[in-house]
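**Q** 3D model of this:
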Amino acid sequence: QLQLVESGGGLVQPGGSLRLSCTASGFTLDSYGIGWFRQAPGKEREGVSCISRSDRTTYYGDSVKGRFTISRDNAKNTVYLQMNSLKPEDTAVYYCAARQYYYCSGYVSIQDMDYWGKGTLVTVSS
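**A** Below is the predicted model:
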């Protein structure tokens with residue numbers, strides 16, 4: 001069974017950092033492009049970042065550019081989202097998603113992905 005599991009969410013003060021992990025089970029991530037998405041209360045799910053399977057290309061939304069970094073460790077079957085300088089508006093449930101052979105060339109949308117995790121909650125508050 002193909003499964004993605006996010007971890008690393010929690011409560012952090014403004015200006016703080018968190019690192020989210022997305023670990024796959026039932027399949028290997030090395031042939032999959034990965035996207036990170038988030039959904040704040042009352043808002044639609046939006047694409048935050050993505051990374052191609054070969055790690056050659058990445059994308060960041062304007063609201064997170066310069067603060068978030070996506071990376072992958074295929075040996076650990078895991079993709080990471082390092083989040084620095086967090087702001088209250090980053091508060092959301094964060095999801096990772098995957099599609100085989102997906103090439104991250106720009107904005108990543110929900111329709112681009114086939115497999116989804118259940119999400120991890122990030123709360124930025126003092």
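
**Q** CA atoms for contacts and neighbours, from now on please.
**A** Will do.

**Q** which one is the one residue sitting closest to the centre of the chain nearest to, not counting chain neighbours?
**A** Nearest to the mean C-alpha position of the chain, by C-alpha atoms, centre = their mean, lies Trp36 at 2.4 Å. Residue nearest to Trp36 in three dimensions, not counting chain neighbours: Cys96, with 4.5 Å by C-alpha to C-alpha, 6 or more residues apart in numbering.

**Q** All the strands of the chain, residue numbers only.
**A** 3-7, 10-12, 18-25, 32-39, 46-51, 58-60, 68-73, 78-83, 92-100, 115-116, 120-124 (DSSP state E).

**Q** between those, which gets nearest to Ser109?
**A** Counting by C-alpha to C-alpha, Ser109 lies closest to strand 46-51 out of the strands of the chain; the figure is 5.7 Å.

**Q** and the angle for that closest one with strand 68-73?
**A** 40 degrees (axes from the mean of the first three to the mean of the last three C-alpha atoms, to 10 degrees).

**Q** can you list contacts of strand 46-51?
**A** 33-39, 57-61, 64, 70-71, 103-104, 107-110 (C-alpha atoms under 8 Å, 6 or more residues apart in numbering).

**Q** and that strand, average pLDDT?
**A** For strand 46-51, mean pLDDT rounds to 97.

**Q** now that strand, how far from the chain's geometric center?
**A** Distance, stretch centre to chain centre, for strand 46-51: 6 Å (C-alpha atoms, centre = their mean, to the nearest Å).

**Q** export that strand as PDB, just CAs?
**A** Provided in PDB are the C-alpha atoms of strand 46-51 (Å, rounded to 0.1, in the frame of the first residue of the first chain):
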ATOM      1  CA  GLU A  46      -2.200  25.800  -1.800                       C
ATOM      2  CA  GLY A  47       1.100  24.700  -3.300                       C
ATOM      3  CA  VAL A  48       4.100  25.700  -1.200                       C
ATOM      4  CA  SER A  49       7.000  24.000  -2.800                       C
ATOM      5  CA  CYS A  50       8.000  21.000  -5.000                       C
ATOM      6  CA  ILE A  51      11.100  19.100  -6.000                       C
END
